[in-house]
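# just the structure for this:
(chains A and B)
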Amino acid sequence: MTEVKEREVAIVPPKDHTPVVRSLDPSDFPTPTSRDEEFRFTPMPRLHNLHQGNVVATGSMAIAVNKVAGSRFEIAGAKSTDRIGFTDKIAAGAWSQLETVSTLTIEANQNLSESVIVSIVGSGAVAFGQLDINVEKFASAVVIVDHIGAATYAGNIDINVADGGAVTVVSLQDWDASALHLAQHRITLGKDASVKHVSVTLGGDVVRILPSVHYAAPGGQAELIGLYFAGAGQHTEHRLFVDHSEANCRSNVVYKGALDGEDAHTVWVGDVLIRANAIGTDTYEINRNLVLSGGGRADSVPNLEIETGEIVGAGHASTTGRFDDEQLFYLQSRGINEEEARKLVLRGFFEDLLGQIAVPEINDRVRDSIEARLGGRI
Amino acid sequence: MSVLVIKGLTVEVTTEDGPKEILRGVDLTVKAGEIHALMGPNGSGKSTLAYAIAGHPKYTITGGQVSLDGQDVLEMSVDERARAGLFLAMQYPVEVPGVSISNFLRTSITAIRGEAPNLRHWIKELKESMAGLQIDPQFAERNVNEGFSGGERKRTEILQMELINPKIAVLDETDSGLDVDALRVVSEGINRVCAKGETGVLLITHFTRILKYVKPDFVHVFYDGRIVREGGPELADDIEANGYAQYVTA
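Below is the predicted model:
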């Protein structure tokens, strides 16, 4: 029978409102271990020592961008230290190794007619990256950051949306099987600015993405969508933090993942903090996991801390279901073969999410990639 | 005319105490156009027979034969059996998360018929069948059996039977858990399929009440893993009046 457990997770406040350390200097951070809350699900021996913060690059990523009117891209700009610090040794370590920063600017008042596609291609080296996406006032755009190839890569993305701006950023992790990818995605929203941040993680040995949302003014809206598929032995981790520090902001988090094969491991942690002054906040987060086969493990931890009662709404949900032999028997008894049955269930599971992502270039590719990965295993 | 022939079928399941024999030699022939009622007390092995015919991996065939139109059913995988023309309406249909009824049915029909149905024709066909079973059209967009009541699940099973139009349908306690109105609607659905004369029905039931709506041509009394008595509809009346005890103590 299907085991679907609705986990009523205790509301555990994040240890502190802001991380203990925020810095660009890796030596300001202690070396993380699996005893740290932030790393308790992370397979430290598979991080190629990037958590030591002092690993030296052996190469770089090949970066390419299409030209879209209303946007400009600077591939290797000057590194300014006038920026907000990172929250762990890995991200600060990556920064410290870099000589330049890539910046995509969506110009003020421009409504881009086609998606900007930033492709970041690895060729097996240890590499670091910093991509800043600056959406100026009242601009709107869809940006796809496409990570492919093989790499040991720590690359952070800062997304700054100025007042009235609106951006969809899709970060696609479609790596080769050996890849390690560690990233912080920091989103800052101006007044009435909105972001749809989409993380799609399909390939790689270990992928660990930390999206965070910060509101610089009232009226911001954040939609965080995640889709992940972990095959045998893969570790996929998403840790989110939404910091409601301003009034009348909204956040909605939907992450869905499927696991297929032995030792597939997915982690989703969703921390939402509603500060005392963030009246009128409306937030909801949900994580759903589907274990298709084998001994996969899905960790799912929503955390909600609420410091004011004057909010519109706040909620969270987490479910993990298993595609089991009885479901397989049922579908087969209706003439559907085993492989088709798994595909049917997987496609159905992700379909509504693809509808919410609503970036046509992505949808077909994600569908095909998932099915290829699924097919490869059967 | 299609015919399902079961000969000397013996089946066991694995339990904590080792293998346990459930079916002890079942002989039964069901032809297209016939309605057979298989009746018996709880634990007699009726459902095991249904699942063994459909090919559930939990049940091990230890002897005997099952053939559909001369083809060896026991050699086929579960989905091959379905495509060959066997249908099992389940007593406890499972939930399939993420898969809508409409998607599920279209995939099933495509597999069974060997080609995708013409879309416009298919929508009409689905609508009519759903209306006949008094299923809300919005059900098509709900996930398979997710949050369905017992009655809704059973109607959906019969909906599938109507659309698939199998050669042989095994209905495993389709009447259980239905109120009087739902029982009537479901029975009408079964009768519609039977009326076409292309389908043979093996109706497994514990009670006689569904037989007021679906008239069997043959009644088999099942006890301790085998058929212990066979006859016409009058046998059901006898069970209604006197219970199973007269057969089970024999």
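
# show me what contacts residue 209?
Answering for chain A, as no chain was given. Contacts for A:I209 (C-beta atoms under 8 Å, 6 or more residues apart in numbering or on different chains) come out as A:171, A:173, A:181, A:183, A:185, A:199, A:201, A:237-239. For every residue, glycine as well, the C-beta is placed using N, CA and C.

# to clarify, I was referring to chain B.
B:175, B:183.

# the same query, at a cut-off of 10 Å, please.
Counting by C-beta atoms under 10 Å, 6 or more residues apart in numbering or on different chains, B:R209 touches B:175, B:178, B:180, B:183, B:187, B:240.

# mind checking how far the first one is from chain A?
By that I understand B:D175. To chain A, B:D175 is 20 Å away according to C-beta to the nearest C-beta, to the nearest Å.

# phi, psi for that residue please.
Main-chain dihedrals, B:D175, degrees, to the nearest 10: phi -80, psi -10.

# and the pLDDT for it?
Looking at B:D175, its pLDDT is 94.

# for it, grab the count of nearby residues.
Taking other C-beta atoms under 10 Å in any protein chain shown as the neighbour definition, B:D175 ends up with a count of 24.

# so is the residue lying closest to it once chain neighbours are set aside in a helix, a strand, or just coil?
Nearest non-adjacent residue to B:D175, counting by C-beta to C-beta, 6 or more residues apart in numbering or on different chains: B:I210, 3.9 Å away. At B:I210 the chain is in helix, as set by DSSP: H, G, I helix; E, B strand; the rest coil.

# same check, this time on the one 10 residues further on
When states are read from three-state DSSP, the local structure at B:H220 comes out as strand.

# so what pairs up with it in the strands?
B:L38, B:E230 (DSSP bridges).

# touching, it and B:E34? I think so.
No: between B:H220 and B:E34 there is no contact under C-beta atoms under 10 Å: 11.8 Å.

# and A:T2, what pLDDT?
pLDDT, A:T2: 41.

# ok, now A:P13?
At A:P13, the pLDDT value in this model is 49.

# next, count neighbours for B:L119.
9.

# show me the contacts for it.
B:R106.

# now the buried members of the contacts of B:R209.
B:175, B:178, B:183, B:187 (16 or more other C-beta atoms under 10 Å in any protein chain shown).

# once you drop chain neighbours, what's closest to the third one?
Yep, that's B:L183 we're talking about. B:D175 (5.9 Å).

# can I assume A:A298 sits in a helix?
No: counting by three-state DSSP, A:A298 is not found in a helix; it is strand.

# that one touches A:G257, doesn't it?
Yes: at 6.6 Å, A:A298 and A:G257 qualify as touching, with contact defined as C-beta under 10 Å.

# common neighbours of the two, please.
A:228, A:230, A:236, A:264, A:266-268, A:287-291, A:320.

# ok, those vs chain B, which is closest?
A:L290 (6.7 Å; C-beta to the nearest C-beta).

# and that closest one, that's in a strand?
Yes: assignment of A:L290 by three-state DSSP places it within a strand.

# that one - how many residues pack around it?
25.

# who is it paired with across the strands?
A:A258, A:G321.

# state the distance from it to A:S212.
Look at A:L290 and A:S212: by C-beta to C-beta, to the nearest Å, they are 26 Å apart.

# next one: A:E310
Here A:E310 is placed at a distance of 24 Å from A:S212 (C-beta to C-beta).

# the more surrounded of these two?
Per other C-beta under 10 Å, whichever of A:E310 and A:S212 has more neighbours is A:S212, with 20 against 12.

# for the more buried one, what are its contacts?
Here A:S212 is in contact with A:19, A:87, A:184-188, A:197, A:222, A:224, A:239-243, A:271 (C-beta under 10 Å, 6+ apart).

# what of B:K20?
B:11-14.

# same list (those residues) but as JSON lines, adding pLDDT and secondary structure.
Shown next, in JSON lines, are the contacts of B:K20 (pLDDT from 0 to 100; DSSP: H, G, I helix; E, B strand; the rest coil):
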{"residue": "B:V11", "pLDDT": "97", "secondary structure": "strand"}
{"residue": "B:E12", "pLDDT": "96", "secondary structure": "strand"}
{"residue": "B:V13", "pLDDT": "94", "secondary structure": "strand"}
{"residue": "B:T14", "pLDDT": "90", "secondary structure": "strand"}
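
# just the buried ones from these, in PyMOL syntax?
The PyMOL selection below is limited to those of the contacts of B:K20 classed as buried (16+ other C-beta under 10 Å):
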select buried, chain B and resi 11+12+13
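
# re the thing from before, now do the shared contacts for B:H220 and B:E34.
B:L202.

# those two: who's more crowded?
Using other C-beta under 10 Å, the more surrounded residue of B:H220 and B:E34 is B:H220, with 23 against 20.

# residues contacting that one?
So B:H220 contacts B:26-28, B:36-40, B:46, B:202, B:204, B:226-231, B:235 (C-beta under 10 Å, 6+ apart).

# ok so, going back, how many neighbours does the residue nearest to B:D175 have?
Neighbourhood size, B:I210 [other C-beta under 10 Å]: 24.

# so how far is A:I311 from it?
54 Å.

# and A:Q184, by the same measure?
27 Å.

# A:A150 too?
45 Å.

# what are the boundaries of the helices in chain A?
Along chain A, the stretches classed as helices by DSSP state H are A:89-97, A:325-332, A:338-357, A:360-377.

# residues in contact with the residue nearest to B:L183?
B:D175 sits in contact with B:91, B:154, B:182-183, B:186-187, B:190, B:203-211, B:213-214, where contact means C-beta under 10 Å, 6+ apart.

# which of those residues are buried? Put it as a PyMOL command.
Selecting only the buried entries of the contacts of B:D175 in PyMOL, with 16+ other C-beta under 10 Å as the criterion:
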select buried, chain B and resi 91+154+182+183+186+187+190+203+204+205+206+208+210+211+214
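
# just give me the neighbour total for the residue lying closest to A:D282 once chain neighbours are set aside.
Among residues not flanking A:D282 along the chain, A:V312 sits closest, at 3.9 Å (C-beta to C-beta, 6+ apart). If you count neighbours by other C-beta under 10 Å, A:V312 ends up with 11.
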